[in-house]
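Participant: Here is my input; please provide its structure:
(2 chains)
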Amino acid sequence: EAGVTQFPSHSVIEKGQTVTLRCDPISGHDNLYWYRRVMGKEIKFLLHFVKESKQDESGMPNNRFLAERTGGTYSTLKVQPAELEDSGVYFCASSYQTYSEEFFGPGTRLTVL
Amino acid sequence: DQQVKQNSPSLSVQEGRISILNCDYTNSMFDYFLWYKKYPAEGPTFLISISSIKDKNEDGRFTVFLNKSAKHLSLHIVPSQPGDSAVYFCAASAESGGGADGLTFGKGTHLIIQP
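Facilitator: Prediction:
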(Lines give C-alpha, C1' and ligand atoms only; values in the text may rest on other atoms or scores of the structure.)
Protein backbone atom coordinates (compact mmCIF):
# COMPACT_ATOMS: atom_id res chain seq x y z
CA GLU A 1 0.00 0.00 0.00
CA ALA A 2 1.46 3.37 -1.03
CA GLY A 3 1.69 5.89 1.78
CA VAL A 4 1.08 9.60 1.83
CA THR A 5 3.49 11.36 -0.50
CA GLN A 6 4.53 14.99 -0.57
CA PHE A 7 6.31 17.02 -3.20
CA PRO A 8 8.80 18.56 -3.18
CA SER A 9 10.81 17.23 -0.27
CA HIS A 10 12.71 20.52 -0.03
CA SER A 11 12.07 23.99 -1.41
CA VAL A 12 14.24 27.06 -1.08
CA ILE A 13 12.73 30.34 -2.27
CA GLU A 14 13.23 34.03 -1.77
CA LYS A 15 10.93 36.25 0.21
CA GLY A 16 8.07 37.45 -1.96
CA GLN A 17 8.06 34.44 -4.24
CA THR A 18 5.32 31.87 -4.54
CA VAL A 19 5.60 28.20 -3.62
CA THR A 20 3.12 25.38 -4.06
CA LEU A 21 3.35 22.24 -1.99
CA ARG A 22 1.58 19.08 -3.02
CA CYS A 23 0.22 16.19 -1.00
CA ASP A 24 -1.09 12.90 -2.36
CA PRO A 25 -3.08 11.06 0.29
CA ILE A 26 -3.56 7.32 0.50
CA SER A 27 -6.06 6.21 -2.10
CA GLY A 28 -9.57 6.11 -0.68
CA HIS A 29 -8.86 8.46 2.20
CA ASP A 30 -11.44 11.23 2.18
CA ASN A 31 -9.77 13.13 5.01
CA LEU A 32 -6.66 15.16 4.40
CA TYR A 33 -4.87 17.36 6.91
CA TRP A 34 -2.09 19.92 6.67
CA TYR A 35 0.27 20.66 9.58
CA ARG A 36 3.31 22.88 10.01
CA ARG A 37 6.41 22.48 12.16
CA VAL A 38 7.96 25.94 12.41
CA MET A 39 10.64 25.60 15.03
CA GLY A 40 11.48 23.23 17.82
CA LYS A 41 9.30 20.21 18.25
CA GLU A 42 5.78 21.65 18.08
CA ILE A 43 3.56 20.90 15.13
CA LYS A 44 0.56 23.09 14.42
CA PHE A 45 -2.68 22.16 12.69
CA LEU A 46 -3.45 24.17 9.56
CA LEU A 47 -6.57 22.71 8.01
CA HIS A 48 -8.67 19.65 7.30
CA PHE A 49 -10.35 18.58 4.07
CA VAL A 50 -13.15 16.09 3.76
CA LYS A 51 -13.06 15.16 0.11
CA GLU A 52 -12.85 18.51 -1.68
CA SER A 53 -14.46 20.56 1.09
CA LYS A 54 -12.60 22.47 3.78
CA GLN A 55 -13.95 21.07 7.03
CA ASP A 56 -11.81 23.18 9.30
CA GLU A 57 -9.31 25.85 8.29
CA SER A 58 -8.97 27.50 11.68
CA GLY A 59 -5.25 26.91 11.77
CA MET A 60 -4.40 28.75 8.56
CA PRO A 61 -2.13 31.63 9.63
CA ASN A 62 -3.26 34.28 7.13
CA ASN A 63 -4.58 34.86 3.64
CA ARG A 64 -1.18 34.30 2.06
CA PHE A 65 -1.89 30.60 2.45
CA LEU A 66 -4.32 28.92 0.08
CA ALA A 67 -5.14 25.23 0.18
CA GLU A 68 -7.11 23.40 -2.46
CA ARG A 69 -8.20 19.86 -3.05
CA THR A 70 -9.89 19.77 -6.42
CA GLY A 71 -11.68 16.51 -7.09
CA GLY A 72 -11.04 15.29 -3.58
CA THR A 73 -7.78 13.59 -4.46
CA TYR A 74 -4.46 15.37 -4.05
CA SER A 75 -4.15 18.71 -2.29
CA THR A 76 -1.99 21.75 -2.83
CA LEU A 77 -0.92 24.38 -0.36
CA LYS A 78 0.19 27.63 -1.95
CA VAL A 79 2.06 30.35 -0.12
CA GLN A 80 1.94 33.71 -1.93
CA PRO A 81 3.90 35.84 -1.28
CA ALA A 82 6.21 33.86 0.99
CA GLU A 83 7.65 35.54 4.09
CA LEU A 84 10.64 34.55 6.19
CA GLU A 85 8.46 33.23 9.02
CA ASP A 86 6.85 30.73 6.65
CA SER A 87 9.98 28.61 6.77
CA GLY A 88 9.42 25.23 8.35
CA VAL A 89 8.36 21.71 7.57
CA TYR A 90 4.87 21.18 6.20
CA PHE A 91 3.32 17.81 6.90
CA CYS A 92 0.32 16.28 5.26
CA ALA A 93 -1.69 13.40 6.69
CA SER A 94 -4.71 11.45 5.54
CA SER A 95 -7.25 9.18 7.15
CA TYR A 96 -10.19 7.06 6.07
CA GLN A 97 -12.54 8.35 8.73
CA THR A 98 -12.46 11.79 10.29
CA TYR A 99 -9.71 11.98 12.87
CA SER A 100 -9.28 8.25 12.86
CA GLU A 101 -5.88 6.69 12.26
CA GLU A 102 -3.86 9.37 10.49
CA PHE A 103 -1.05 8.50 8.13
CA PHE A 104 1.59 11.19 7.91
CA GLY A 105 3.62 12.03 4.84
CA PRO A 106 7.37 12.70 4.95
CA GLY A 107 6.96 16.47 4.96
CA THR A 108 8.19 19.30 2.75
CA ARG A 109 10.95 21.47 4.18
CA LEU A 110 10.39 25.07 3.07
CA THR A 111 13.14 27.62 3.47
CA VAL A 112 12.38 31.27 2.71
CA LEU A 113 15.45 33.45 2.31
CA ASP B 1 7.43 0.00 3.80
CA GLN B 2 6.80 1.68 7.11
CA GLN B 3 10.00 2.75 8.83
CA VAL B 4 8.25 3.56 12.11
CA LYS B 5 5.65 1.11 13.31
CA GLN B 6 3.09 1.31 16.07
CA ASN B 7 1.42 -2.05 15.91
CA SER B 8 -1.34 -1.37 18.42
CA PRO B 9 -4.03 0.88 16.93
CA SER B 10 -5.65 1.22 20.34
CA LEU B 11 -4.96 0.54 24.00
CA SER B 12 -7.33 0.63 26.95
CA VAL B 13 -5.92 1.16 30.46
CA GLN B 14 -7.56 1.69 33.81
CA GLU B 15 -7.06 5.04 35.50
CA GLY B 16 -4.14 4.95 37.93
CA ARG B 17 -2.39 2.06 36.19
CA ILE B 18 0.58 2.18 33.87
CA SER B 19 0.13 2.78 30.13
CA ILE B 20 2.81 1.35 27.87
CA LEU B 21 2.87 2.39 24.24
CA ASN B 22 5.27 0.65 21.89
CA CYS B 23 7.08 1.69 18.75
CA ASP B 24 9.46 -0.16 16.43
CA TYR B 25 11.67 1.26 13.72
CA THR B 26 13.62 -0.22 10.86
CA ASN B 27 15.92 2.57 9.70
CA SER B 28 19.25 2.32 11.52
CA MET B 29 20.00 5.96 10.58
CA PHE B 30 17.37 7.20 13.02
CA ASP B 31 19.07 8.65 16.07
CA TYR B 32 16.44 10.86 17.62
CA PHE B 33 12.96 9.83 18.70
CA LEU B 34 9.94 11.80 19.83
CA TRP B 35 6.51 11.06 21.23
CA TYR B 36 3.54 13.27 20.43
CA LYS B 37 0.05 13.37 21.88
CA LYS B 38 -2.75 14.41 19.58
CA TYR B 39 -6.35 15.52 19.92
CA PRO B 40 -8.68 15.92 16.92
CA ALA B 41 -8.31 19.16 14.95
CA GLU B 42 -5.08 20.02 16.69
CA GLY B 43 -1.47 19.54 15.77
CA PRO B 44 0.48 16.85 17.59
CA THR B 45 1.73 18.12 20.97
CA PHE B 46 5.30 17.25 21.84
CA LEU B 47 5.60 15.07 24.94
CA ILE B 48 9.08 13.70 25.33
CA SER B 49 12.10 12.78 23.24
CA ILE B 50 15.20 10.67 23.45
CA SER B 51 18.53 10.68 21.69
CA SER B 52 20.13 7.42 20.65
CA ILE B 53 23.01 8.02 23.06
CA LYS B 54 20.59 7.39 25.92
CA ASP B 55 18.39 4.46 26.82
CA LYS B 56 15.99 6.27 29.10
CA ASN B 57 14.52 9.72 29.52
CA GLU B 58 12.05 10.72 32.18
CA ASP B 59 9.80 13.74 32.52
CA GLY B 60 7.22 13.64 35.27
CA ARG B 61 4.74 10.86 34.60
CA PHE B 62 6.27 10.13 31.20
CA THR B 63 9.29 7.91 30.60
CA VAL B 64 10.65 6.84 27.25
CA PHE B 65 12.86 3.77 26.95
CA LEU B 66 15.05 3.06 23.94
CA ASN B 67 16.46 -0.33 23.01
CA LYS B 68 18.74 0.33 20.06
CA SER B 69 19.69 -3.28 19.45
CA ALA B 70 16.02 -4.21 19.13
CA LYS B 71 15.14 -0.94 17.35
CA HIS B 72 12.35 -0.52 19.82
CA LEU B 73 11.14 2.27 22.03
CA SER B 74 8.31 2.57 24.47
CA LEU B 75 6.47 5.33 26.29
CA HIS B 76 5.39 4.67 29.87
CA ILE B 77 2.76 6.82 31.50
CA VAL B 78 2.29 6.31 35.21
CA PRO B 79 -0.11 6.83 36.77
CA SER B 80 -2.51 7.10 33.84
CA GLN B 81 -5.07 9.87 34.07
CA PRO B 82 -8.32 10.49 32.14
CA GLY B 83 -6.72 13.47 30.38
CA ASP B 84 -4.18 11.12 28.88
CA SER B 85 -6.82 9.71 26.54
CA ALA B 86 -5.62 10.71 23.08
CA VAL B 87 -3.76 9.39 20.06
CA TYR B 88 -0.02 8.99 20.63
CA PHE B 89 2.41 9.18 17.74
CA CYS B 90 5.94 7.92 17.73
CA ALA B 91 8.28 9.83 15.40
CA ALA B 92 11.90 9.44 14.41
CA SER B 93 14.53 11.48 12.67
CA ALA B 94 18.13 11.23 11.57
CA GLU B 95 19.33 14.38 13.33
CA SER B 96 22.97 13.80 12.66
CA GLY B 97 22.19 13.55 8.96
CA GLY B 98 20.98 17.13 8.87
CA GLY B 99 17.32 16.21 8.87
CA ALA B 100 16.60 18.16 12.02
CA ASP B 101 13.13 19.07 10.88
CA GLY B 102 12.14 15.96 9.04
CA LEU B 103 10.20 13.40 10.98
CA THR B 104 8.93 9.95 10.12
CA PHE B 105 5.74 9.18 11.97
CA GLY B 106 4.15 5.94 13.07
CA LYS B 107 0.43 5.44 12.54
CA GLY B 108 -0.47 6.28 16.10
CA THR B 109 -1.99 4.42 19.05
CA HIS B 110 -5.30 5.54 20.50
CA LEU B 111 -4.98 5.40 24.28
CA ILE B 112 -8.21 5.18 26.23
CA ILE B 113 -8.09 5.66 29.99
CA GLN B 114 -11.02 4.05 31.72
CA PRO B 115 -12.28 5.30 35.10
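Participant: hmm, who's touching the helix or strand in which residue A:77 is found?
Facilitator: Element membership for residue A:77, per DSSP states H and E: strand A:75-79. For strand A:75-79, the external contacting residues (C-beta atoms under 8 Å, 6 or more residues apart in numbering or on different chains) are A:18-23, A:25, A:32, A:34, A:46, A:49, A:64-69, A:86, A:90, A:92, A:110. C-beta: built from backbone N, CA, C; applies to glycine.
Participant: Recalculate using a threshold of 10 Å.
Facilitator: Residues outside strand A:75-79 that contact it (C-beta atoms under 10 Å, 6 or more residues apart in numbering or on different chains): A:6-7, A:11, A:13, A:17-25, A:32-34, A:36, A:46-47, A:49, A:52, A:60-62, A:64-70, A:86, A:90, A:92, A:94, A:108, A:110, A:112.
Participant: give me the subset of those touching chain B.
Facilitator: A:33, A:34, A:36, A:46, A:47, A:108, A:110 (C-beta under 10 Å from any C-beta of the partner chain).
Participant: May I see these arranged in a markdown table, with secondary structure as well?
Facilitator: Below are those laid out as a markdown table (DSSP: H, G, I helix; E, B strand; the rest coil):
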| residue | secondary structure |
| --- | --- |
| A:33 | strand |
| A:34 | strand |
| A:36 | strand |
| A:46 | strand |
| A:47 | strand |
| A:108 | strand |
| A:110 | strand |
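Participant: Give me the below-cutoff pLDDT ranges for the chain.
Facilitator: Just so you know, I chose chain A. Within chain A, the ranges that satisfy pLDDT under 70 run A:1, A:39-41, A:99-100.
Participant: oops, chain B please
Facilitator: Under the criterion pLDDT under 70, the flagged ranges of chain B are B:1, B:41, B:95-102.
Participant: just the strands in it please.
Facilitator: Along chain B, counting by DSSP state E, strands occupy B:4-5, B:10-14, B:19-25, B:32-38, B:45-51, B:56-59, B:62-67, B:72-77, B:86-93, B:104-105, B:109-114.
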